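>>> A structural model of the following input is requested.
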Amino acid sequence: MKVRVRFAPSPTGPLHIGGVRTALYNYLFARQNGGQMILRIEDTDQTRYVPGAEQYIIEALDWLGIKFDEGVHLGGPFGPYRQSDRKPMYRQYAEQLIADGWAYYAFDRPEALEAKRKEFEARKVTFQYDCTTRDTMDNSLVCGLDEAKRRIAEGEAYVVRFKFPADTDITVHDLIRGDVTMNSNLLDDKVLFKSDGMPTYHLANIVDDHTMQITHVIRGEEWLPSAPLHVMLYRAFGWADTMPQFAHLPLLLKPEGNGKLSKRDGDRLGFPVFPLEWHDPKSGEVSSGYREQGYLPQAVVNMLALLGWNPGNDKELMTMDELVQLFNIEHISKNGAKFNLDKAKWFQHEYFQQLPDEQVAEMLAKQVEAHACEVDQQYVLRVAAMMKERITFPSELWDTCSYFFKAPTEYDPAAVKKRWKPGMTTHMAKVIEILNTVPFEYDALHKALLDDYITANGLNMGQVMNSLRLAVVGRTVGPDMLTLVVMLGKDEVERRVQRAIDVIGEVEA
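Down below sits the predicted model:
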């Protein structure tokens, strides 16, 4: 069969980057195998539905370049792709399981279930609705199917539970973890169909995967405990021969490694856990996103791909096409992957350096205009090309490059104390004299200032040049000093140096 995978998030809020990684691995697997990828929205739990979450998921994955062949936003031959739109079909499958002896009606009220839990707690035992307890509960296995249907016809609320066979070993073959076996006596009879007329995740998931001809289910390891139920559902429906292969992905862990990465970890350590900024419609809380923090989508994709998978070599920087070529489920780790903020920034820096100078210049020009500076596009382009290697995020452009466009109005006090020594006003006056007496180009300035003045007079090269930088920039950072001087122009440099002489003045020994 043609490879068909699905990404099936629930619209209960913003998409966590762990979910993004799941979508990415599905995408890479599908593309590598010439297959198709489907976006299905699993909204069976209407109580947790959050307005805007579905569109957020679509926009986030589109920004990252994770494309779908079918889905809730695209349509396709296996639609509808939103579970709430498929609601009528699930009841018939639940009834089929009951008719075949694989499920039963349960009428237990919440208060009865709570009383049973307390009864078990008193015996220091955990209650579970399973093959050992179901015959003591209020269900169609006890009252009979005809009586159950009479009660339902009279309007009594019910759920449908799966009927696990007693003492049966159930083996799930996982493409990452190998065979995982669990005995049915350890499993509770999960609810498949709820009293509100909606299926649970378990029933809807299996029915949808089967009817949409999904061949591989690649999802987070939190679903591994549910896999035995899913395998049994395929058997119960008679679909075992077309059951998809399973791969359960390792968790994304906190940077410290102890537990699943959460929004609280991002808030605590100052990094996003969502691809896009999220505005909670209920609380009004705003959560940061990778896009809004200036991350490039290709950097986020590359970073996430390597959290739990490796290409089998030392290669780290990979385009989406390269990831597709190299991806192999067998190279996915069984162990959780720790999120590393420094590594995320490293990927961002590497990909920022690959941007065309013109694109960086366009970002810079907007910030220059926002600070009320006149913009010469060629000058901005030269600045962008020179300074790009110092930039990781677009938001750093103005702070890093501002002195190319505006003279400093104040001087770093620590730098003044360290660099502006007695006699420095005399040296800076000499710099102004040199600027006016030699050709204003790099080599001539280098010879006149560094060789004929500083070196020939036995002066401290670092002291004088860093003081010049302080006068021109306002702090002791920046590119090669003479390159900067030539770019700014003689008149502008002279004005800045004279102002530093006037403002800082002479200092006492």
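
>>> When you work out contacts or count neighbours from here on, use the C-alpha atoms and nothing else.
OK.

>>> wait, residue 380 sits on residue 363?
No: with contact defined as CA atoms under 8 Å, residue 380 does not count as touching residue 363 (9.9 Å).

>>> In terms of neighbours, single out the busier of those two.
residue 380 (23 against 16; other CA atoms under 10 Å).

>>> Contacts for stretch 421-441, please.
The contact list for stretch 421-441, computed with CA atoms under 8 Å, 6 or more residues apart in numbering, reads 444-445, 448-449, 464, 467-468, 486, 490, 494, 497-498, 501, 505-509.

>>> at 6 Å instead, please
Stretch 421-441 is touched from outside by 494, 501, 506, 507, 508, 509, with contacts defined as CA atoms under 6 Å, 6 or more residues apart in numbering.

>>> Quick check: the gap between the fourth one and residue 462.
In this structure, residue 507 and residue 462 are 18 Å apart, going by CA to CA, to the nearest Å.

>>> just for the stretch 51-200 of the chain, where's the confidence low?
Low-confidence segments of the stretch 51-200 of the chain, defined by pLDDT under 70, are absent.

>>> Among the contacts of stretch 421-441, find the one with the greatest number of neighbours, please.
residue 494 (22 neighbours).

>>> Residue 181 in helix, strand or coil?
strand (DSSP: H, G, I helix; E, B strand; the rest coil).

>>> how many neighbours does it have?
12.

>>> what's around the closest residue to it other than its chain neighbours, how many residues?
In space, and not counting its chain neighbours, residue 181 is closest to residue 171: 4.2 Å by CA to CA, 6 or more residues apart in numbering. Residue 171 has 16 neighbouring residues, counting by other CA under 10 Å.

>>> Please report phi then psi for residue 171.
Note on residue 171: its backbone torsions stand at phi -110, psi 130 [degrees, to the nearest 10].

>>> did I read that right, residue 410 in a helix?
No: going by three-state DSSP, the assignment for residue 410 is coil, not a helix.

>>> And the helices in the stretch 351-500 of the chain?
357-370, 377-387, 397-401, 413-419, 424-435, 442-445, 461-473, 481-488, 490-504 (DSSP state H, counting those that start in this stretch).

>>> Next, format these as a markdown table and append distance to residue 177 and mean pLDDT.
Formatted as a markdown table, the helices of the stretch 351-500 of the chain follow (distance: least, CA to CA, whole Å; pLDDT from 0 to 100):
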| stretch | distance to residue 177 | mean pLDDT |
| --- | --- | --- |
| helix 357-370 | 44 | 97 |
| helix 377-387 | 47 | 97 |
| helix 397-401 | 46 | 97 |
| helix 413-419 | 57 | 94 |
| helix 424-435 | 69 | 96 |
| helix 442-445 | 63 | 97 |
| helix 461-473 | 58 | 96 |
| helix 481-488 | 58 | 96 |
| helix 490-504 | 66 | 97 |
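
>>> Next one: residue 269, what pLDDT does it get?
pLDDT recorded at residue 269 is 89.

>>> Can you tell me how far it is from residue 381?
Taking CA to CA, one finds residue 269 at 35 Å from residue 381.

>>> what's the answer for residue 487, then?
The value you get for residue 487 to residue 381, if CA to CA is used, is 12 Å.

>>> ok, back up a step: and the furthest pair within the contacts of stretch 421-441?
494 and 509 (25.8 Å; CA to CA).

>>> what ranges do the strands span in this structure?
Using DSSP state E, the strands found in the chain span residues 4-7, 36-39, 70-71, 103-106, 159-162, 169-174, 178-183, 191-193, 216-220, 245-249, 252-253, 278-279, 286-287, 337-338.

>>> Of those, give the one that comes closest to residue 407.
strand 286-287 (36.3 Å).

>>> one step back: compare residue 269 and residue 381 and say which one has the larger neighbour count.
residue 381 (19 against 11).

>>> That one - nearest residue in space that isn't next to it in sequence?
Residue 381 sits nearest to residue 361 (CA to CA, 6+ apart), 5.0 Å away.

>>> Share the number of residues neighbouring the one you found, please.
22.

>>> next one: residue 484
With other CA under 10 Å as criterion, residue 484 counts 20.

>>> ditto for residue 225
Neighbours of residue 225 (other CA under 10 Å): 12.

>>> ok, residue 490 to residue 497 distance?
For residue 490 relative to residue 497 (CA to CA), the value is 11 Å.

>>> So for those two, which sits in the more crowded spot?
For residue 490 versus residue 497, the count of surrounding residues by other CA under 10 Å is larger for residue 497: 23 against 15.

>>> Test my guess that that one contacts residue 471.
Yes: between residue 497 and residue 471 there is a contact under CA atoms under 6 Å: 5.2 Å.

>>> if I look at these two, which residues touch both of them?
With CA under 6 Å, 6+ apart, residue 497 and residue 471 have no common neighbours.
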